[in-house]
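A.B. asks: Next comes the sequence, and after it the predicted model I'd like to discuss.
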Amino acid sequence: MSIKDEKAADLAGVLLEIGEPVIWNGQTFQALVSDPAIGETLELGGFTDTGDFTIKIPRTSFGAQLPKLGEIVEFEGTRFRIVRITNHPQYPLIVLVVGPLE
Amino acid sequence: MLDHALESAFVAYLGTAPAFAGVHLFTGHDAEEHLLPGLTISSKSEPLAGSAAVFRADVTFLIETEAHDSTPDEHAALVESTRACLADKHAVVAALNAGGLIFLYGYAFAESSLDVDGKRFRTTLTLKAGYGTP
């Protein structure tokens, strides 16, 4: 078993134990979600949400289509916008950095 | 205090316009979630020399749309709707004065500016207004 296969197997185990459901494009994925820390700043015209957190989803969970910047993901009933994406071929996870919708 | 009353009067007036259905209207001093598309009206006043009852204000209309959720054309249309709603000065003045919050003598558009901020299209329309207590 290659190191890559070992990582994939370990990852499957981790997701099984502590993965959380995240919805993207109408599909539900098991993901590793960091602490969803969202704050707010008072600006002219009210409170604006600030902050971001990461959602990591195995690349193998996706088909040909991968998430894109600006798209929406839903976690625990709240919608967030993808503001950064990390997609390294040697890393089995797609990392989505998400922030407030607006 | 009077600035907020002037802002509130404009918000109340524009809030009734069909063009702003689905648009979130705010005064400068609002303490609620700032949702988009949004129109924020804020005022900065100074009293006319020798007067404690008549003020000159710079009123800014900040029109914001989320760049992922709207097109530049949609943003431009919202800006144009704002201009159109304020074009009939007699009607606007009468409507605002009927609200009883302030007494508006008149106004004139001063400038506009385009901007982007993070993920937002932002256009600011500024008008100069003369107003006082009712």
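C.D. replies: Structure's in. What do you need?
A.B. asks: OK, contacts around residue A:32?
C.D. replies: With contacts taken as C-beta atoms under 8 Å, 6 or more residues apart in numbering or on different chains, residue A:32 has the following neighbours: A:14-15, A:18-20, A:55-57, A:93. Placement of C-beta: from N, CA and C, glycine included.
A.B. asks: Mind picking the one among those that's closest to chain B?
C.D. replies: Of all those, the one sitting nearest chain B is residue A:55; the distance, using C-beta to the nearest C-beta, is 17.5 Å.
A.B. asks: nearest residue to the closest one other than its sequence neighbours?
C.D. replies: Nearest residue to residue A:55, sequence neighbours excluded (C-beta to C-beta, 6 or more residues apart in numbering or on different chains): residue A:96, at 4.5 Å.
A.B. asks: related to what we said a few turns ago, let's see which of the contacts of residue A:32 end up in helices.
C.D. replies: Using DSSP state H, the subset of those located in helices is A:14-15, A:18.
A.B. asks: Top of those by number of neighbours, please.
C.D. replies: In terms of neighbour count, residue A:15 stands highest of the ones in helices among the contacts of residue A:32 at 19 neighbours, by other C-beta atoms under 10 Å in any protein chain shown.
A.B. asks: How many residues are close by the closest residue in space to that residue that isn't next to it in sequence?
C.D. replies: The shortest distance from residue A:15 to any residue that is not its chain neighbour, by C-beta to C-beta, 6+ apart, is 4.6 Å, and that residue is residue A:30. Each residue near residue A:30 was counted by other C-beta under 10 Å, and the total is 16.
A.B. asks: Helix or strand: which one has residue A:30?
C.D. replies: strand A:27-33 (DSSP states H and E).
A.B. asks: what's the next secondary structure element after that strand?
C.D. replies: Downstream of strand A:27-33, the first helix or strand assigned by DSSP H and E is strand A:39-43.
A.B. asks: picking that back up, what are the buried residues along the strand holding residue A:30?
C.D. replies: The neighbour-count check on strand A:27-33 (16 or more other C-beta atoms under 10 Å in any protein chain shown) flags A:29-33 as buried.
A.B. asks: Output the ones in helices among the contacts of residue A:32 as TSV; include the columns pLDDT.
C.D. replies: Conversion of the ones in helices among the contacts of residue A:32 to TSV gives the following (pLDDT from 0 to 100):
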residue	pLDDT
A:14	91
A:15	90
A:18	91
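A.B. asks: Who does residue A:57 form a beta bridge with?
C.D. replies: residue A:94 (DSSP bridges).
A.B. asks: how many other residues sit next to it?
C.D. replies: When neighbours are counted by other C-beta under 10 Å, residue A:57 comes out with 24.
A.B. asks: Distance check, it against residue A:2.
C.D. replies: In this structure, residue A:57 and residue A:2 are separated by 22 Å, where distance is defined by C-beta to C-beta, to the nearest Å.
A.B. asks: again, but for residue B:27
C.D. replies: As judged by C-beta to C-beta, residue B:27 and residue A:2 stand 62 Å apart.
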